[in-house]
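# using only what follows, build the 3D model:
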Amino acid sequence: MISIYATQNWVTIIIIFLIAFLVTLHYLYLERFVKFVSFYKTEAYFVDYIDKKGLFYGFFNGFLFFFQLGVYALFLYLIKLQYANIDGEIAVLLNIVNILFVFFIGRFLIGKMFSYIFGIAKIQIVLSFVKFTYLSKVAIYIFPLIIISFYLPTYKRMLLLTTIVLTIVMLLYFYGKIVLQNQKLIFHNLFYFILYLCTLEIIPLVYLYKTIF
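Okay, here's the model as predicted:
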């Protein structure tokens, strides 16, 4: 098994940048950041910020996007390092970052295209904001485990499996909340929901898995 020590220098730099993102958000947007990271104040966060214009174009969400991009890239890199025969090189991580960037941006743009076709652009932008928020929250929750996994290689497999299970459970929980809170909307747009599920959830995940692994 390839030692993770060979990658620690540049991984440490990336982790420092990601921590700096969180510290900056905490310093500049204390009230919003506290509501955002709290598991129990999610609804309050949505009530306060979901009606704001330019949901995805502010400084706060811009930093969150690059934070979650970095965290999920490190997460997938850890999985690939553990289960695939690869060298611990930064080029591998950068390739994952590029793939994830295309994945996130492509899924968002395709979603907007379908929303205009079906005349539900406002619904789509809100749904995208909710999903973005949940993905960012999961990234914050698993970030400490990812850090520990890099610096405690003895327990790396156990920590990685724990992180994978935790990530899946949280994503299923959050997606379940989205479905339950929008039952009427989904029922009245069932065809669009099925098309949305296949086009923007299942197919992109298959693409992501095939491309990275």
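
# just give me the neighbour total for F59.
By other C-beta atoms under 10 Å, 11 other residues sit near F59. Backbone N, C-alpha and C define where each C-beta goes, glycine included.

# which non-adjacent residue is nearest it?
Leaving out its chain neighbours, the residue that sits closest to F59 by C-beta to C-beta, 6 or more residues apart in numbering is L28, at 7.5 Å.

# how much space separates the one you found from T211?
35 Å (C-beta to C-beta, to the nearest Å).

# in this protein, which helix is the longest?
The helix spanning the most residues in the chain, taking DSSP state H as the definition, is helix 121-151.

# not counting stretch 59-75 itself, show me its contacts.
11, 14-15, 17-18, 21-22, 24-25, 28-29, 32, 55-56, 93, 96-97, 100-101, 104, 132, 135-136, 139-140, 142-143, 146, 150, 163, 167 (C-beta atoms under 8 Å, 6 or more residues apart in numbering).

# only whichever of those residues are buried, select them in PyMOL.
A single PyMOL command selects the buried members of the contacts of stretch 59-75 (16 or more other C-beta atoms under 10 Å):
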select buried, resi 11+14+15+18+21+22+25+29+32+55+93+96+97+100+104+132+135+136+139+140+142+143+146+150+163+167
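
# count the residues that sit near Y175.
Look at Y175: counted by other C-beta under 10 Å, it has 13 neighbours.
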